[in-house]
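> whatever this is, show me its structure:
(chains A and B)
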Amino acid sequence: MSANVESERGFRDILGAEAESLERLVAAARNHFERYGYRPIILPVVEPTDLFARGVGATTDIVEKEMFFVSDGHTHADQLGDLCLRPEGTASAVRAYIDQGFDKSDPLQKFYYSGPMFRNERPQKGRYRQFHQIGAELFGAALPAADAEVIAMLRTYLESVVSAGRFTLRLNSLGCAVCRPEYVRRLKTFLAANRDALCEDCRRRIETNPLRVLDCKNESCRAILREAPHLTDSWCEACKSHFDSLLQRLKTRKVDAEWDQWLVRGLDYYTRTVFEVTAEGLGAQNAVAAGGRYDGLVELLGGVPTPALGFAIGVERLALVTGANSVAPRPKIFLASTSETTRTTAEQWADTLRRELPAVGTSVEVWTDLGGQGLKRQLQQAGKLGCAFTLILGDREVSEGKVILRDMKKSTQEDIELSIESLMRRLRERLGL
RNA sequence: GUGGGCGUAGCUCAAUUUGGUUAGAGCACCAGACUGUGGCUCUGGGGGUUGCGGGUUCAAAUCCCGUCGCCCACCCCA
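Coordinates of the predicted model:
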């Protein structure tokens, strides 16, 4: 046991029902997002650490203590930490957008991506060091209509994969580069004056991230906050009308979303709209998806100023909400054989069936004996696999010009003329294809 | 990074309270009964350095120390 090589903490093998569930959610997202004109972008897993320090924020927990650093094998000691495993996708997408020159040539772009993200945190329910996100980013669109479309796309996707009502979408506006700094300054002053009444975490947040205090669940902190300057009151005219228009549009589009004036997000790059989807049954880590507008990020990373927004979905968490609701199983067929000759025929027939027997949504699953087993074992295997039918290609039958088709559920058998055509015809009938 | 719970066969768990033969059972796996017909039944079989390392003892799965891993929570976030 001790000699075994095991996976690192927080890194795991995903297989079985969970793997199928995750794959299905990604495929469904791809399908859904493309209807809105989004195109795939495949981003590097390794990026310069600086990208996230500048983009996500140098003082955020993600950058300060959750990065996985990568060595390229011949860096000097003073360069260790130059490269990292990406902790999130948005900064990468923005870097790619600028690298490709879209900000200069063709600003309106819609991208989606999916893949692993890495954060060096202590694992718990719904939280892993390698986890998977599906994200979408919309560049070059400043109107509230863009926010509305992105949120609508997220909401309708979630509704398509999880029974309605099991999650809630909340949104808020954090103001912009014009009005937010002034508010943060006033909030900081207020919090500092009430320092003693705040919880330990919030006292720390006054310096690191004062906005996060608004999000504190601690009852005594909440009481203090009722007297605090209101984020809402600080919005400039442009921010206010942007948010009003967004709410109005969500209403007309019948997108179920609720304004939460206390909602803030931890990443530095957000401006104006932020939103978050939470679900029950996830334990403490109840955020399934989150996103917002980041109008300053393209410029911050060296591009020409471009408005943008996006979101990311935590696939493992979404899978926890949707449960392991099984996909309709595809019909399975086992082609049993009793000799080298009949096995060869079975292989050829199996290939033909796989190619020419379509079923609704997917294809049939065809098995042949690969272990040189006796007929008994092959029947056993077919039973365990849950095959609907087993074709018995026995030498005895073949010499009589026939094969046996066994219905595994009913334990009944019928003779079929020895030809792939008659087999296919009969299977189509029996499977109702 | 902090706190709590848990580590015995592939899986689910006994035996730990009170240290005492060779660490058991169910499921799963393999073989046979049934040499060409799955599920059911019966019989037999393989499989363990009790997470790992050290200590106490005539004797440790059991007691002590350390360490690693998993789970849950804090924090943070998808």
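
> now chain A, which segments are flagged as low pLDDT?
For chain A, applying pLDDT under 70 flags the ranges A:1-4, A:75-80, A:164-165, A:324-327, A:359-362.

> give me the residue from it nearest RNA strand B.
Closest approach between chain A and RNA strand B, counting by C-beta to the nearest atom of the strand: residue A:266, at 1.7 Å. (Glycine included, C-beta is placed from N, CA and C.)

> for RNA strand B, what are the nearby residues on the stretch 251-400 of chain A?
Those residues of the stretch 251-400 of chain A that sit near RNA strand B, judged by C-beta under 7 Å from any atom of the strand, are A:265-267, A:276, A:283-290, A:312-314, A:316-317, A:338, A:374-377, A:379-380, A:382-384, A:392, A:394-397.

> show me those residues that map onto strands.
A:276, A:287-290, A:312-314, A:392 (DSSP state E).

> what sits against residue A:68?
By C-beta atoms under 8 Å, 6 or more residues apart in numbering, the contact set of residue A:68 is A:84-85, A:118-120, A:129.

> narrow the residues you listed to those in strands?
A:84-85, A:118.

> now the strands for the stretch 151-300 of chain A?
Per DSSP state E, counting those that start in this stretch, the stretch 151-300 of chain A carries strands over the ranges A:167-173, A:258-259, A:271-279, A:287-293.

> got these as JSON lines, with mean neighbour count columns?
Listed next are the strands of the stretch 151-300 of chain A as JSON lines, based on neighbours: other C-beta atoms under 10 Å:
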{"stretch": "strand A:167-173", "mean neighbour count": "21"}
{"stretch": "strand A:258-259", "mean neighbour count": "13"}
{"stretch": "strand A:271-279", "mean neighbour count": "23"}
{"stretch": "strand A:287-293", "mean neighbour count": "25"}
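
> returning to what we had before: okay but the residue of chain A closest to RNA strand B is in contact with residue A:64, surely?
No: the criterion here is C-beta atoms under 8 Å, and residue A:266 misses it with residue A:64 at 11.7 Å.

> those two - which one has more neighbours?
residue A:266 (15 against 12; other C-beta atoms under 10 Å).

> where do the helices sit along the stretch 301-433 of chain A?
Assigned helices in the stretch 301-433 of chain A, in chain order: A:315-322, A:340-356, A:375-385, A:395-399, A:420-431 (criterion: DSSP state H, counting those that start in this stretch).

> which one, of those, ends up nearest to residue A:195?
helix A:315-322 (34.8 Å; C-beta to C-beta).

> now the angle from the closest one to strand A:287-293?
Computed with axes from the mean of the first three to the mean of the last three C-alpha atoms, to 10 degrees, the direction of helix A:315-322 lies at 130 degrees from that of strand A:287-293.

> picking that back up, looking at the ones in strands among the residues of the stretch 251-400 of chain A next to RNA strand B, which one is closest to residue A:414?
residue A:392 (10.8 Å).

> what is the burial count for the closest residue to that closest one other than its chain neighbours?
The shortest distance from residue A:392 to any non-neighbouring residue, by C-beta to C-beta, 6 or more residues apart in numbering, is to residue A:404 (4.1 Å). The tally of other residues near residue A:404 (other C-beta under 10 Å) stands at 16.

> same question, residue A:33
Other residues close to residue A:33 by other C-beta under 10 Å number 23.

> mind listing the residues bridging to the residue lying closest to it once chain neighbours are set aside?
Among residues not flanking residue A:33 along the chain, residue A:112 sits closest, at 4.4 Å (C-beta to C-beta, 6+ apart). Residues in a beta bridge with residue A:112, per DSSP bridges, are residue A:40, residue A:136.
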